[in-house]
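**Student:** predicted model and sequence follow; I will ask about them next.
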Amino acid sequence: MSTPDAPPKTLIPHLVCSPASKAIEFYKKAFDAVEVFRLPSEDGRLMHAALTIDGQPLYLVDDFPEYCGGKSTTATALGGTAVTIHRYVPNCDEAVEKAVKAGATIQMPPTDAFWGDRYAVINDPYGHSWSFAHPLKKMSPEELKAAMDKEMSQHAPA
């Protein structure tokens with residue numbers, strides 16, 4: 001299902017949130033999302049919603065367990081998610097602070113990562129994981145490999 005315009009040629013995260021209407025408001029506050037379209041069902045749940053974040057599409061839908069064998073498919077009902085949605089932002093720390101003020105929780109605080117980015121991970125109130133980064137330095141593949149080896153050696157099992 002697409003928005004009223006022609007579908008974009010890109011990968012689009014399609015998140016199940018409950019309630020999706022409140023998730024939309026969270027994404028507006030936390031990530032400056034812009035709402036493009038809503039398609040409510042007869043009972044008011046959203047069959048489809050389209051947003052953009054930084055000009056990129058994001059789709060949302062309410063939970064409809066009656067169409068999924070009676071099981072909820074929200075990230076919170078599943079106990080979390082194996083997917084992290086990554087965003088490059090102008091300032092990682094500011095992005096995390098804004099998301100937390102909107103209701104997110106910090107999974108990994110902003111840190112200078114070995115791969116040359118300032119990096120952090122948050123969980124939104126709907127169970128979805130988001131990471132933020134801004135570049136600190138450009139690294140060659142050789143520098144990246146050396147930095148990874150050094151980092152991993154510090155965490156090797158005893």
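**Tutor:** Nice, I can see it.

**Student:** low-confidence stretches in the chain?
**Tutor:** 1-8, 158 (pLDDT under 70).

**Student:** in it, which spans are helices?
**Tutor:** In the chain, the helices defined using DSSP state H lie at 20-31, 92-102, 141-153.

**Student:** what helices or strands is the shortest one leaning on?
**Tutor:** Helices and strands in packing contact with helix 92-102 are listed as helix 20-31, strand 105-112, strand 117-123, strand 129-135; criterion 3 or more C-beta pairs under 8 Å, 6 or more residues apart in numbering; DSSP states H and E. (C-beta placed from N, C-alpha, C; glycine too.)

**Student:** residue 18 reaches residue 128, doesn't it?
**Tutor:** No. Shown here, residue 18 and residue 128 do not form a contact pair, counting by C-beta atoms under 8 Å, at 11.8 Å.

**Student:** quickly list the domain ranges of the chain.
**Tutor:** 1-79, 80-158 (automatic domain parsing).

**Student:** okay if I get those domains as CSV plus mean neighbour count?
**Tutor:** Shown next, in CSV, are these (neighbours: other C-beta atoms under 10 Å):
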stretch, mean neighbour count
domain 1-79, 15
domain 80-158, 15
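
**Student:** may I see the helices of the chain arranged in CSV, with distance to residue 85 as well?
**Tutor:** Output for the helices of the chain, formatted as CSV (distance: least, C-beta to C-beta, whole Å):
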stretch, distance to residue 85
helix 20-31, 10
helix 92-102, 12
helix 141-153, 23
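
**Student:** of the ones you listed, which approaches residue 39 most closely?
**Tutor:** Smallest distance to residue 39 across these (C-beta to C-beta): 10.6 Å, for helix 20-31.
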